[in-house]
Structures are given as structure tokens and as C-alpha cells.
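K.L.:
Here is the input, now give the coordinates:
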Amino acid sequence: MAVPAVVIDCYDRPPDAQTLESVAALMARAYAPTGLRAYSGAEIAGLMAGPAGRMLVARDHGNIPCAALLANIVESEGEILALAVNPDNQRQNIASQLIDKFAKGEKVDRLVLEVAMTNRRAIAFYEILNFCEIGIRRNYYLIDGIRVDARLMDKCCISE
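P.N.:
This is a model prediction of the structure:
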């Protein structure tokens, strides 16, 4: 499958309100099947307000956000807080492009993330990208009123 042409915008401070709300809506749509609660526009702005906050937004040919990555960067370590892809754009390599651009743009030596143990598709995706389990966070997520463990994963990016 050909990689779709997307434009990736990188933010190190909160973007305009329209971008925040369209990313929040994108996350809500992408997270709906998992039962996870998406960040609101205000929560995204709050994450972006600190010096560590980063956001990458992939836009399709119509300039509409089709994927987003929220992260923190501290020195050479990146933490992926959220990764969302519009269901219509999944399996098109866009999430991989976002992770790659974040790691290379920030000169990240290591990436870490948590993923719900029930989110098997996400776990499989991260494993394809060579993320490895480094621990379990018990009862980390609350999904539909049920506590769910998180798989803590990391990936070294030094050679990339």
C-alpha cells in the first residue's frame, strides 16, 4: 500500500483553538472503540503549556487532521501520552510517520509509553515498531468503570 501524502505540523506550544478542538474530536473518534476517554481541547492545551509538551498533527489533502501524537520530551527521552488516528485513515502508516518524525525531530534516544492491556491492536502496532514491555502498571486505566492494567513499553532510538 502506498503511503498517503500527509503534512505533519509540529507544535511546542498550544496551537489555535480550532486545531485543539479538531484534535480533541479526532481523538474522541479514534478512542471510542477502546473505551478510553480522549483528551479535551482544554486538556491538550494544558499539556502543551509546559516546556516539555509537544504535539504532532498529520493533515490530509483537505488540511483536516487525520492523526495526532501528544508527547512530553525531557532531555533526550520522549514519552508518548496519546496517539490517535482517524479510523478512516488507520493502517496507512500515518502513526508510524508521526512517531518517526517526533523521535528524529527531538533527537530522542528513548521513547516510553503506556497502553491498556485490553488494546491488543495498539500493542501489536507498537511491537511491530520494536517497542518492548518493560513493566506493568496495575489498575492504571479506568475503562467503562473497570480498572485495566497498562503495559509500559519502551524503544531505544539511538541508532535511528
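
K.L.:
What are the boundaries of the strands in this structure?
P.N.:
7-11, 53-59, 65-74, 77-85, 110-116, 132-143, 146-156 (DSSP state E).

K.L.:
which other residues reach the second one?
P.N.:
Same thing as strand 53-59. Applying C-beta atoms under 8 Å, 6 or more residues apart in numbering, the contact partners of strand 53-59 are 6-13, 15, 19, 23, 44, 47-48, 65-73, 78, 94, 97-98, 101-102, 106. For the C-beta atoms, the positions are set from N, CA and C on the backbone; glycine is no exception.

K.L.:
Tell me who's in contact with residue 80.
P.N.:
So residue 80 contacts 69, 70, 71, 99, 102, 111, 112, 113 (C-beta under 8 Å, 6+ apart).

K.L.:
wait, which of these is closest to residue 153?
P.N.:
Lowest distance from residue 153 to the contacts of residue 80 (C-beta to C-beta) belongs to residue 113, with 5.6 Å.

K.L.:
The closest one bridge partners, please.
P.N.:
residue 80, residue 153 (DSSP bridges).

K.L.:
can you tell me which of the strands of the chain comes nearest to residue 29?
P.N.:
Closest among the strands of the chain, using C-beta to C-beta: strand 77-85, at 8.0 Å.
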